[in-house]
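Student: With the sequence up front, the predicted model follows.
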Amino acid sequence: MFGRFLILVLLAVLAVGVVARSSRGSGRAQVYVVKPSDTLWSIAASHYGGDPREGVWKVTRANHLGSTTVLRPGERLLLP
């Protein structure tokens with residue numbers, strides 16, 4: 001009886017391990033081409049849910065913008 005239960009538990013753990021997805025986010029990063037009226041805030045607000053400040057931080061960090069927040073039209077940004 002215990003052997004069958006153990007096998008059933010091991011199979012369940014294996015099934016969860018195969019089916020489970022990573023919790024690292026929603027998928028691959030996107031490349032965004034800056035438009036003339038874009039700001040970091042507007043890009044973050046349109047591409048990230050919730051508070052745009054976190055999106056601004058992610059975009060700034062992923063693109064190594066530092067304290068420079070001037071965006072040029074045509075510039076390509078990585079959106080993690």
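Tutor: All right, it came through fine.
Student: make it CA atoms for all contacts and neighbour counts henceforth
Tutor: Noted.
Student: what's around G66, how many residues?
Tutor: Using other Cα atoms under 10 Å, G66 has 10 other residues around it.
Student: same check, this time on G55
Tutor: Other residues lying near G55 total 23 when counted by other Cα under 10 Å.
Student: Enumerate every residue touching it.
Tutor: 41, 44-45, 47-48 (Cα atoms under 8 Å, 6 or more residues apart in numbering).
Student: now those residues in JSON lines, with neighbour count?
Tutor: Shown next, in JSON lines, are these (neighbours: other Cα atoms under 10 Å):
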{"residue": "W41", "neighbour count": "16"}
{"residue": "A44", "neighbour count": "21"}
{"residue": "A45", "neighbour count": "17"}
{"residue": "H47", "neighbour count": "14"}
{"residue": "Y48", "neighbour count": "16"}
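Student: how about the helices in this structure?
Tutor: Along the chain, counting by DSSP state H, helices occupy 2-19, 40-47, 52-62.
Student: Out of the contacts of G55, the closest to T68 would be?
Tutor: Nearest to T68 among these: W41, at 13.5 Å, using Cα to Cα.
Student: OK, contacts around that closest one?
Tutor: Contact analysis of W41 by Cα under 8 Å, 6+ apart lists 52-53, 55-56.
Student: For it, give me the pLDDT.
Tutor: For W41, the pLDDT comes out at 95.
Student: And stretch 2-9, what's buried?
Tutor: By 16 or more other Cα atoms under 10 Å, stretch 2-9 has no buried positions at all.
Student: Repeat that for stretch 69-76.
Tutor: Buried-residue list, stretch 69-76, by 16+ other Cα under 10 Å: L71.
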